[in-house]
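Asks: This is a predicted model, with the sequence first.
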There are 2 protein chains.
Amino acid sequence: MSLQEIFATRATRMKASEIRELLKLLDQPDIISFAGGIPDPDLFPKQIFQEAFNAALSGPLATHGLQYSSSEGHKPLRVWIAGQMQKIGIPATPDNILITSGSQQALDYLGKLFLSPGDTVLVGWPTYLGALGAFNAYEPRYDKLDPLSNRSAADYTAEAEAAGGKAKFAYLSVDFANPTGATVSRAARERVIDLADEMDIAVIEDAAYQSLRFDGEVIPPILALEAARKGGDIEACRTIYCGSFSKTLSPGLRVGWVCAAMPVINQLVLMKQAADLHSATLNQIAIADVAEHHFDSHVEVIRAAYRGRRDAMLNALEEHMPDGVSWTKPEGGMFIWVTLPETLDGANLLAESLKTERVAFVPGHAFFADGSGRNTLRLSYATSDEAKIAEGIKRLGNLITRALAA
Amino acid sequence: MSLQEIFATRATRMKASEIRELLKLLDQPDIISFAGGIPDPDLFPKQIFQEAFNAALSGPLATHGLQYSSSEGHKPLRVWIAGQMQKIGIPATPDNILITSGSQQALDYLGKLFLSPGDTVLVGWPTYLGALGAFNAYEPRYDKLDPLSNRSAADYTAEAEAAGGKAKFAYLSVDFANPTGATVSRAARERVIDLADEMDIAVIEDAAYQSLRFDGEVIPPILALEAARKGGDIEACRTIYCGSFSKTLSPGLRVGWVCAAMPVINQLVLMKQAADLHSATLNQIAIADVAEHHFDSHVEVIRAAYRGRRDAMLNALEEHMPDGVSWTKPEGGMFIWVTLPETLDGANLLAESLKTERVAFVPGHAFFADGSGRNTLRLSYATSDEAKIAEGIKRLGNLITRALAA
């Protein structure tokens, strides 16, 4: 989700003219931008993909790559993904995998599958804006999912019914989530399974950043925890895992997947057949080739680069932020989430920052289903080098210090 | 739409066990199949695509091809498509073009944009099964669009309202349509515009086969006819044109487009952003390259091949079909539509044909929104050589002759 896209959402309350002015500033080369939600393109394995597409179009699969194919996706890719799922504790077979055009498409299809207008979706506050965008097409309401609070399943259910619909699923981005960089604890994951079992609803586990862990203890996916509770039987599970190659290999090829019990996959396959027939065949063949031969080594390159940038940003925040400002310490991914004193407004700060400090970021309130969180910012360290990160955070610290003194 | 997919739809009334038996037969190599709805893969420009992907991944656009990009699509491709639109009388600019993942996705998005449960869609009887599949997700009812009958706009509107919804759009596949091979006449196209203007509804023009005309007089697209009436102003038009590279360059790359007035495009862009962000960037770059340098020459190769196969099938039908059987004479595309005497049932005939004649086709009733048309068959000549076509039609003629005598 780029800053342009954030500006374009209804969640922001800026006027079109204000947005146009800010966008003009963003095009200027002296801006240090922590605003992007995109991976560093310098880390794309271009040559590896060049070889993979070349092989795909000259080898025995060339015709297959250019022809219509099955809605569930390219079998060798589903086999590889099922193997990856098994490595992280999810007892999946290839029949539990549907290939989607990015995990964004999975979120859209799951909204379409489950939601009627007025139904309730349980989400974190804040949460991934693209998930809200996908679900909004099906006109749900949102309730704040807070698994470690003392709200019971009956409480959530009663609120959904009082609002005239049903609670249909909980949505969580589990590891180093966009926008906060935070990871859902093991206790919270376990509690989400309890709640979902009691409420008889689905759990949508967005694992887009899962492979990008730099340090800290690996926490099993919710689907793995649920399968472990249920005799290792994925068919007994209500959790629907959404994965993506966008943060590891390439977002532009639009390849992601859903891993779930077969009845869910079968419904989604019918939906995909009606909606776009299948994801691009050639891309699936190329991704399967690259994943099989280069996934682990390439992900290690990305992790090392992003780890260095995260450290640079955390160090600079420590050095330059005034008292009263706090931030997350992500164990992976691309984002740090900054909380300012209540008196400050992220959108106002951005306008000022672009003019005087030439630093861009995303005001945090755009990520709240209820538009709250005005004193928060999302910073991405993924696309800047360490020197620029140090300089940009220094300027931002100066600005916030001045704003607090004003 | 493959035979497997046809079998899988609810429109057929075959039992699962019967379907499994038939599918087993289809896998056998001695079957002559006229059942496919797919282009001949031997005609794909494999080497040209290999060069295009190679160039895309080694040139200045390599990073762009692997990165997130804009929801409306790759600008140079939109520029090329707008130029093609202009050549066929549609006064489009690149801002009137949205790139979709095949035109199937355009049909899904248009259903999502326009339809509420109980609304009415006007369609031909029969019509493209994939369109019904896409629209069905939004729970419309269907009314039979018969533009040259004496049903008035008020008649259509009254029926839609009596059914508890509103008429939202007419959907037509205009040239050598799947499944009939028939072309909508100029008079019918003009009348559809009259009706849509009077009813204040949209027209969805599916032009998937438009480039594959072998002979006969070119009829301008509905959108071109409407623009000509309305001062050459596409912004005054209610027709939404859906195009595709699936039948000309490659279906497996999943690249199609919508051409329409900008307010429609803008709505669809927002919808696409929420649903899958954008279609695969690299594929759009490669398609733009191939289209720019090879479109006309490659389409001429496909036309020549399919023209010869159509002629072979028409000649064989003339020679081998008994009295009482009639068929369409398509001026392009991939399909011939056969109408049998009322006493025969296409699904029964298929079961018998696979067992005794080893010839496959698609029973026509699957293409009717109301499940009628049981005495019809769809034959594709796209993927068989001329000798196989002659032999297959001879066998089919024998079978039908026997069935009529029984």
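Replies: In hand now; what should we look at? Numbering: from 1, shown residues only, chains lettered A, B, ... in the order given.
Asks: Residue A:58 is in contact with residue A:65, correct?
Replies: No. Here residue A:65 lies out of contact with residue A:58, judged by CB atoms under 8 Å, at a distance of 10.4 Å. All C-beta spots, glycine's among them, are computed from the backbone N, C-alpha and C.
Asks: Which of these two has more residues huddled nearby?
Replies: Neighbour totals were compared for residue A:65 and residue A:58, and residue A:65 leads with 27 against 13 (other CB atoms under 10 Å in any protein chain shown).
Asks: which residues does the more buried one contact?
Replies: Residues near residue A:65 by CB atoms under 8 Å, 6 or more residues apart in numbering or on different chains: A:56, A:57, A:281, A:282, A:285, B:252.
Asks: for chain A, which helix is longest?
Replies: For chain A, the helix with the greatest residue count under DSSP state H is helix A:281-320.
Asks: Between helix B:281-320 and it, find me the angle.
Replies: Counting by axes from the mean of the first three to the mean of the last three CA atoms, to 10 degrees, helix A:281-320 lies at 160 degrees to helix B:281-320.
Asks: Is residue A:379 in a helix, a strand, or coil?
Replies: Under DSSP: H, G, I helix; E, B strand; the rest coil, residue A:379 falls in the strand class.
Asks: Next one: the closest residue in space to it that isn't next to it in sequence from residue A:173, what distance?
Replies: Leaving aside its chain neighbours, residue A:379 sits nearest to residue A:34 (4.2 Å; criterion: CB to CB, 6 or more residues apart in numbering or on different chains). Remark: distance between residue A:34 and residue A:173 (CB to CB, to the nearest Å) = 19 Å.
Asks: Ok, residue A:297 next?
Replies: The gap separating residue A:297 from residue A:173 is 26 Å, by CB to CB.
Asks: Have a look at these two and say which one is more surrounded.
Replies: Using other CB under 10 Å, the more surrounded residue of residue A:297 and residue A:173 is residue A:173, with 28 against 10.
Asks: quick one: the more buried one from chain B, how far?
Replies: 16 Å (CB to the nearest CB, to the nearest Å).
Asks: Quick check: closest non-adjacent residue to that residue.
Replies: residue A:206 (4.1 Å).
Asks: hang on, isn't that neighbour packed against residue A:127?
Replies: No. At 9.1 Å, residue A:206 does not count as touching residue A:127 under the criterion of CB under 8 Å.
Asks: mind checking pLDDT for residue A:2?
Replies: Model confidence at residue A:2, given as pLDDT, is 43.
Asks: rewinding a little: quickly list what the residue nearest to residue A:173 is bridged to.
Replies: residue A:173, residue A:242 (DSSP bridges).
Asks: Give me the neighbour count for it.
Replies: Neighbours of residue A:206 (other CB under 10 Å): 26.
Asks: For it, give me its contacts.
Replies: A:103, A:107, A:128, A:131, A:171, A:172, A:173, A:174, A:177, A:242 are the contacts of residue A:206 under CB under 8 Å, 6+ apart.
Asks: switch to 7 Å and redo it
Replies: A:103, A:128, A:131, A:171, A:172, A:173, A:174, A:242 (CB atoms under 7 Å, 6 or more residues apart in numbering or on different chains).
Asks: Quickly note the distance from the second one to chain B.
Replies: According to CB to the nearest CB, residue A:128 stands 12 Å off from chain B.
Asks: any idea where the strands of chain A begin and end?
Replies: Counting by DSSP state E, chain A has strands at residues A:32-33, A:97-100, A:120-123, A:141-144, A:167-173, A:202-206, A:239-244, A:256-259, A:326-327, A:335-339, A:359-360, A:362-363, A:376-380.
Asks: Please enumerate the helices of the stretch 1-150 of chain A.
Replies: Along the stretch 1-150 of chain A, the segments classed as helices by DSSP state H, counting those that start in this stretch run A:3-8, A:16-26, A:46-58, A:62-66, A:75-87, A:102-114, A:129-136.
Asks: Quick one: closest of these to residue B:139.
Replies: With CB to CB, the closest approach to residue B:139 among those belongs to helix A:102-114: 11.9 Å.
Asks: The closest one to strand A:239-244, inter-axis angle?
Replies: Relative orientation of helix A:102-114 and strand A:239-244, computed by the same axes, to 10 degrees: 150 degrees.
Asks: sorry, back to before: and the helices of the stretch 1-150 of chain A, which is most packed in?
Replies: Counting by mean count of other CB atoms under 10 Å in any protein chain shown, helix A:102-114 has the highest mean neighbour count of those, with a mean of 26.
Asks: and it, anywhere near chain B?
Replies: Yes. For helix A:102-114, a contact with chain B is found by CB under 7 Å from any CB of the partner chain, at A:102, A:104, A:105, A:108, A:112.
Asks: That helix: how far from the chain's middle?
Replies: 13 Å (CA atoms, centre = their mean, to the nearest Å).
Asks: Contacts for that helix, please.
Replies: A:100, A:130-131, A:134-135, A:137-138, A:168-169, A:202, A:204, A:206, A:208, A:240, A:242-244, A:246, A:254-256, A:258, A:267-268, A:271-272, B:137, B:274-277.
Asks: now stretch A:237-247
Replies: By CB under 7 Å, 6+ apart, the list of residues contacting stretch A:237-247 reads A:39, A:90, A:102-103, A:106-107, A:110, A:196, A:202-209, A:212, A:221-223, A:226-227, A:230, A:255-261, A:264, A:287.
Asks: For chain A, which residues score under the pLDDT cut-off?
Replies: Residue ranges of chain A with pLDDT under 70: A:1-27, A:369.
Asks: Where do the domain boundaries of it fall?
Replies: Following automatic domain parsing, chain A resolves into domains at A:3-44+A:298-405, A:69-294.
Asks: Nearest to residue B:120, out of the ones you listed?
Replies: domain A:69-294 (19.1 Å).
Asks: what's the first-to-last distance across the closest one?
Replies: 25 Å (CA to CA, to the nearest Å).
Asks: just the domains of chain A: most buried one?
Replies: Most buried of those, by mean neighbour count (mean count of other CB under 10 Å): domain A:69-294, with a mean of 21.
Asks: For the stretch 101-250 of chain A, which residues are neighbours of chain B?
Replies: Taking CB under 7 Å from any CB as the test, the list of the stretch 101-250 of chain A residues beside chain B reads A:101, A:102, A:104, A:105, A:108, A:112, A:133, A:134, A:136, A:137, A:250.
Asks: which of these sit farthest apart?
Replies: Every pair of those checked by CB to CB; the farthest is A:136 and A:250, at 27.0 Å.
Asks: Quick check: phi and psi on the residue nearest to residue A:281 when sequence neighbours are not counted?
Replies: Nearest residue to residue A:281, sequence neighbours excluded (CB to CB, 6+ apart): residue B:252, at 3.7 Å. Geometry field for residue B:252 lists phi and psi as phi -70, psi -20, criterion degrees, to the nearest 10.
Asks: Check residue A:149 too.
Replies: Residue torsions, per degrees, to the nearest 10, at residue A:149 are phi -80, psi 180.
Asks: now swap in residue A:151 and tell me
Replies: phi -70, psi 130.
Asks: mind checking how far it is from chain B?
Replies: For residue A:151, the distance to chain B equals 29 Å [CB to the nearest CB].
Asks: Which residue would be the closest one in the stretch 301-406 of chain A to chain B?
Replies: Nearest residue of the stretch 301-406 of chain A to chain B: residue A:383, at 10.5 Å (CB to the nearest CB).
Asks: Surely that residue is in contact with residue A:40?
Replies: Yes. Here residue A:383 reaches residue A:40: they are 4.9 Å apart, a contact under CB atoms under 7 Å.
Asks: Return the residues in contact with residue A:46.
Replies: Contacts of residue A:46 were listed using CB under 7 Å, 6+ apart, and they are B:57, B:62, B:66.
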